[in-house]
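**Q** pasting the sequence and the predicted coordinates here, then a few questions.
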Amino acid sequence: MMDVYDAIVIGAGIEGSSTAYHIANKGIKKVALLEQFQLGHTRGSSHGASRMTRRGYHAQHFAEMMAEAFKMWEEIEHEVGTQLYIKTGGVHFSAGINIFLKEVISGLRNLGLRHEILSAAEANSRFDFLKLPSHYMCAIEEDAGILISNKALDAFHKLFTKRGGKIIECCQVTKITPGDQLVTLTTTRGEYKTKKLVITAGPWSSKMVKPLGLDLPINVVKIDVLYWKVDQLDVFTPGRGDSNRSMGAFICHDFDHYYGLPAYEYPGLVKVCFHDGCTVDPDARDAKPNPQSVERVSQFIDKFLKGVSTDPSIVESCMYSITPDKSFLLGHHPKHHNIIIGAGFSGHGFKLAPVVGKILSELVLDLPPSYNLEPFKLDRFDKHHRSRL
């Protein structure tokens, strides 16, 4: 007789792994996490060793959620006994105080978080890696830094299995058959039945839910993840030089967004990327790097950074699932209440994964959500539904 699971989560990236952990952590005994590839693969959005974390957000609902995310990452670190967060501090900058930077500053202020506002001249004098044009302004936040992403993902897998959860690798879902009581999954490893299903399939989410009558407004893009050689290790390596002057995390909040992290993954190479890419099919992502993407980041480095090569040393890739307003899609399927969807994380879901997993687990268990889910509604882009963001 086929086993019936209390909950199955599709997709063992950071969002699905966090969700599976939270479900199991609430005492649900029969929980499975299905992954179409082997754990640790590089085909989706959760691989690599570094992600930025920060408290400053121009979207206030994210700024509020980050307070809990920092606490939860600390709790996970403590339980697994592995460092997952490196505090570097962070610089937000833009041409003048534009709408994005203004809202970042407002969020930091409203949450009572320590920060400074600097002119370009003050920032260039303080930091050994910046050369901002004179009309730029900065907000400095204390807690920004690096999440060690591969270890964070592994931590959720360990905590999930520690609580009795089952991870099934190399298990591609080929069909989902809804039912009032049970959802049936047809996979490359046989059939599975579950009382509740969570779909956190990253770039494959739209494909997966389309046969269920749901058209998610997600654009899947391939991002070039670029690493650049630096000329002074003390300036660009966390913990090596004067932390008040060296490179931390940074974001350029102009209408073209760029971001960077100090040298962590590869010795002597900083990570500087453009927060967008070319539309791709996730099953056919292996195109060559986009030369326009590489060139525009090279030009950004030449304009804004000191001591960084303008020729990339390493080019990797990642996929973003981007919604029109860059906010998440979290909720029940409109016709099948026992199917829950988490998608559209738009390149900034990793740092919020502990909170996302908590929210999705609450939807699974029909508990009151911890946050207002209005900014995440699945139908907010419908032609008869005006976005409130």
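**A** The structure has been received and is ready for your questions.
**Q** how many residues are close by Thr188?
**A** 10 (other CB atoms under 10 Å). Placement of C-beta: from N, CA and C, glycine included.
**Q** same question for the one 5 residues further on.
**A** When neighbours are defined as other CB under 10 Å, Lys193 has 17 of them.
**Q** report the contact partners of it.
**A** By CB atoms under 8 Å, 6 or more residues apart in numbering, Lys193 lies in contact with 2-5, 182-185.
**Q** Three-state assignment for it, please.
**A** Three-state call for Lys193 (DSSP: H, G, I helix; E, B strand; the rest coil): strand.
**Q** who touches the nearest residue to Glu68 once chain neighbours are set aside in this structure?
**A** Of all residues not flanking Glu68 in the chain, Val355 sits nearest, at 5.4 Å (CB to CB, 6 or more residues apart in numbering). By CB under 8 Å, 6+ apart, Val355 lies in contact with 65, 68-69, 72, 370-371.
**Q** Val355 falls within a helix, correct?
**A** Yes: under three-state DSSP, Val355 falls within a helix.
**Q** tell me the phi and psi of Ile146?
**A** Dihedral angles of Ile146 (phi, psi; degrees, to the nearest 10) stand at phi -110, psi 130.
**Q** identify the bridge partners of it.
**A** Met52, Ile86 (DSSP bridges).
**Q** cool, Leu261 as well?
**A** Counting by DSSP bridges, the residues bridging with Leu261 are Lys271.
**Q** adjust the sequence numbering to begin at 9 for everything that follows.
**A** Shifting the count to begin at 9 puts that one at Leu269.
**Q** wait, doesn't it sit right on Met60?
**A** Yes: contact status for Leu269 versus Met60: in contact at 5.9 Å, counting by CB atoms under 8 Å.
**Q** what sits in contact with each of the two?
**A** Common contact partners of Leu269 and Met60 (CB under 8 Å, 6+ apart): 154, 257.
**Q** of these two, who's got more company?
**A** Counted by other CB under 10 Å, Leu269 and Met60 do not tie: Leu269 has more neighbours, with 27 against 23.
**Q** what subset of the contacts of Lys201 is buried?
**A** For the contacts of Lys201, a neighbour count by 16 or more other CB atoms under 10 Å gives the buried set as 13, 190-191, 193.
**Q** so which residues of the stretch 259-397 of the chain form helices?
**A** 299-312, 361-372 (DSSP state H, counting those that start in this stretch).
**Q** output those helices in a markdown table; the columns should cover distance to Gly48.
**A** Shown next, in a markdown table, are these (distance: least, CB to CB, whole Å):
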| stretch | distance to Gly48 |
| --- | --- |
| helix 299-312 | 26 |
| helix 361-372 | 16 |
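**Q** so which of these is nearest Gly198?
**A** helix 361-372 (23.0 Å; CB to CB).
**Q** what mean pLDDT does that closest one have?
**A** On average, the pLDDT along helix 361-372 is 98.
**Q** only the buried residues of stretch 16-36, if you could.
**A** 16-34, 36.
**Q** ditto for stretch 38-58
**A** The neighbour-count check on stretch 38-58 (16+ other CB under 10 Å) flags 38-44, 51-56, 58 as buried.
**Q** and the pLDDT for the nearest residue to Asp310 once chain neighbours are set aside?
**A** Among residues not flanking Asp310 along the chain, Thr318 sits closest, at 5.2 Å (CB to CB, 6+ apart). For Thr318, the model assigns a pLDDT of 98.
**Q** list the contacts for Thr318?
**A** Contacts of Thr318 by CB under 8 Å, 6+ apart are 236, 306-307, 309-310.
**Q** max pairwise distance over the residues you listed: which two?
**A** Distances among the contacts of Thr318 were taken as CB to CB; the most separated pair is Trp236 and Gln307, at 12.6 Å.
**Q** among the two, which residue is more densely surrounded?
**A** Taking neighbours as other CB under 10 Å, Trp236 and Gln307 compare with Trp236 leading, 24 against 11.
**Q** against His30, how distant is that one?
**A** In this structure, Trp236 and His30 are 37 Å apart, going by CB to CB, to the nearest Å.
**Q** also Phe358?
**A** Separation of Phe358 from His30 (CB to CB): 16 Å.
**Q** next one: the residue lying closest to Leu121 once chain neighbours are set aside, what pLDDT does it get?
**A** Nearest in space to Leu121, with sequence neighbours left out and distances taken as CB to CB, 6+ apart, is Arg63 at 5.6 Å. We have a pLDDT of 94 for Arg63.
**Q** buried sites along the biggest strand by length in the chain?
**A** When the chain is scanned for its longest strand (criterion: DSSP state E), the result is strand 316-330. Within strand 316-330, the residues that count as buried by 16+ other CB under 10 Å are 316-317, 320, 324-330.
**Q** and if you look at stretch 250-257?
**A** In stretch 250-257, counting by 16+ other CB under 10 Å, buried: 254-257.
**Q** what do you get for stretch 360-373?
**A** 360-372.
**Q** same question for stretch 369-389.
**A** When neighbours are counted by 16+ other CB under 10 Å, the buried residues of stretch 369-389 are found to be 369-372, 379, 381, 383-386, 388-389.
**Q** would you turn those into a markdown table with distance to Asp262?
**A** Output for the buried residues of stretch 369-389, formatted as a markdown table (distance: CB to CB, whole Å):
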| residue | distance to Asp262 |
| --- | --- |
| Ser369 | 37 |
| Glu370 | 37 |
| Leu371 | 36 |
| Val372 | 39 |
| Tyr379 | 29 |
| Leu381 | 30 |
| Pro383 | 24 |
| Phe384 | 26 |
| Lys385 | 29 |
| Leu386 | 31 |
| Arg388 | 26 |
| Phe389 | 25 |
